[in-house]
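Here's my sequence, what's the structure:
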Amino acid sequence: MKNQIHKKNAEIWLLLDSRDVGGIESHILQLAQGITSFQRSVRVIFLRQYDNTHPLTHLLNEANISYRFLNGSLRDLFRYARHHRPVVIHSHGYKAALYSRLLRLSLLTSHQKIRFINTFHAGEVSKGKLAIYDFLDRWSALLSHYNFVVSEQIKSRIPSKTTVLNNFITTQNLAISQGSQVAFVGRLSHEKAPDRFIQLAQKHTDHQFHLYGSGPMEQELLKPTTGNVVFHGHQNSMDRIWNNIGLLVICSRYEGLPMTALEAMGRGIPVISTPVGNLHKLIKHEENSWIVKPEQLSQSLIHWFSLSNQQKEPIQQAAQQTIRHSFSTEAIIPTILTAYQV
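The predicted model follows:
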């Protein structure tokens, strides 16, 4: 088959609808950088621009990745695609996925050939209005040429054929962190279970706990604080902060394969995590990190506090090696580029 990806100026689009930086946006940044490292042309397409400057644009500018904001309509996406003729549109999130599939249907009578790829990221079961969009997203997946999912749990909910794909990060120039903070990094929402992190802090008042992120549970979490939790708020980028962290706690109720775990372990920061999503593929219990039931988080934390720096060192090195071997750009991008082939 002819490989249109190699045509001069042929663009791969990464499509999303987004207001802020979270797991999907972090994934897209890593994906865009990974695609570029394989000498492919990539552009991030935002379906619309909301009120504030999107924090991802600063990171894209730093990485020299092209991007474009549309006006939010399917018609504008259709017009822009007809004019710029991408060879691949890779959607992320239910709205981007639905738009891309409608675009594919609108191009059925056209000679323009686009490869439509989608990645399902969300592990939680949606409720209310979002449940309708979630249903439409899952059941229209057959309209994409290829669907990735980031965990077996998500795969089980998609009626069409999907491929489980490891999340990944760029590992070049990542040094082992020298930090000591016990940290939670993520959205302060029910599925991420930051309330469990606060409960841990309440059990270990001799230690400080650091919480990076914001979200709908923030005010609720601030009320019962014992004085040993530092709320750092939303972070546009964690790059300069990771070196302060010595242990990441993931206490989620639902997950796929969180980028925070990869970013931490890539810097030699071990993780204590609940057994959700595909974290069992990443974590080798008691070798590179720990994966335990929610009621065992405190016990694992006590074990971590008891280790000397010399005892922590092989765990830190094993964490970093796991990312380099199985969850790095070099390991994963070739699989994605294979799916992109026209």
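
residues in contact with stretch 322-336?
If you take C-beta atoms under 8 Å, 6 or more residues apart in numbering as the criterion, stretch 322-336 is touched by 30-31, 33-35, 37-38, 148, 165-171, 262, 265-266, 282, 284, 288. All C-beta spots, glycine's among them, are computed from the backbone N, C-alpha and C.

cutoff 7 Å now
30, 34-35, 37-38, 165-171, 262, 265-266, 282, 288 (C-beta atoms under 7 Å, 6 or more residues apart in numbering).

Out of those, which end up buried?
30, 34-35, 165-171, 262, 265-266, 282, 288 (16 or more other C-beta atoms under 10 Å).

what about residue 325, is that helix, strand or coil?
Following DSSP: H, G, I helix; E, B strand; the rest coil, residue 325 is assigned to helix.

before we move on, back to that, let's see which of the buried ones among the contacts of stretch 322-336 end up in strands.
Judged by DSSP state E, strands contain none of the buried ones among the contacts of stretch 322-336.

just those now: which is nearest residue 315?
residue 288 (6.3 Å; C-beta to C-beta).

which stretches of the stretch 51-200 of the chain form strands?
Secondary structure of the stretch 51-200 of the chain (DSSP state E, counting those that start in this stretch): strands located at 66-69, 88-92, 115-120, 146-149, 163-164, 181-185.

Isn't residue 202 up against residue 227?
No. Judged on C-beta atoms under 7 Å, residue 202 makes no contact with residue 227 at a distance of 10.2 Å.

before we move on, what SS does residue 335 have?
helix.

from memory residue 241 sits against residue 235, does it?
Yes. The pair residue 241 / residue 235 is scored as a contact, 6.4 Å apart, by C-beta under 7 Å.

Outline the domain layout of the chain.
If you go by automatic domain parsing, the domain ranges for the chain are 4-168+329-340, 181-326.

can I get these in a markdown table with mean pLDDT and distance to residue 175?
Shown next, in a markdown table, are those (pLDDT from 0 to 100; distance: least, C-beta to C-beta, whole Å):
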| stretch | mean pLDDT | distance to residue 175 |
| --- | --- | --- |
| domain 4-168+329-340 | 91 | 17 |
| domain 181-326 | 94 | 7 |
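
Residue 17 and residue 61, how far apart?
Going from residue 17 to residue 61 by C-beta to C-beta, to the nearest Å gives 20 Å.

So for the two, which sits in the more crowded spot?
Neighbours of residue 17 and residue 61, each counted by other C-beta atoms under 10 Å, are more numerous for residue 17; the result is 21 against 11.

about what we covered before: so which of the strands of the stretch 51-200 of the chain is the most packed in?
Mean neighbour count, computed with mean count of other C-beta atoms under 10 Å, is highest for strand 88-92 among the strands of the stretch 51-200 of the chain, reaching a mean of 27.

which strands and helices sit next to it?
On a contact count with 3 or more C-beta pairs under 7 Å, 6 or more residues apart in numbering; DSSP states H and E, strand 88-92 meets strand 11-16, helix 94-106, strand 115-120.

and the angle from it to strand 11-16?
Orientation of strand 88-92 against strand 11-16 (axes from the mean of the first three to the mean of the last three C-alpha atoms, to 10 degrees) gives an angle of 20 degrees.

Tell me which strands strand 88-92 pairs with, and in which orientation.
Partners of strand 88-92 in the sheet, by DSSP bridges, are strand 11-16 (parallel), strand 115-120 (parallel).

re earlier: out of the helices and strands packed on strand 88-92, which comes closest to residue 252?
Closest among those, using C-beta to C-beta: strand 115-120, at 16.9 Å.

distance of the residue nearest to residue 315 when sequence neighbours are not counted from residue 307?
Among residues not flanking residue 315 along the chain, residue 270 sits closest, at 5.2 Å (C-beta to C-beta, 6 or more residues apart in numbering). Remark: distance between residue 270 and residue 307 (C-beta to C-beta) = 10 Å.

what does residue 190 give?
32 Å.

Please say which of these two ends up with more neighbours.
residue 190 (15 against 12).
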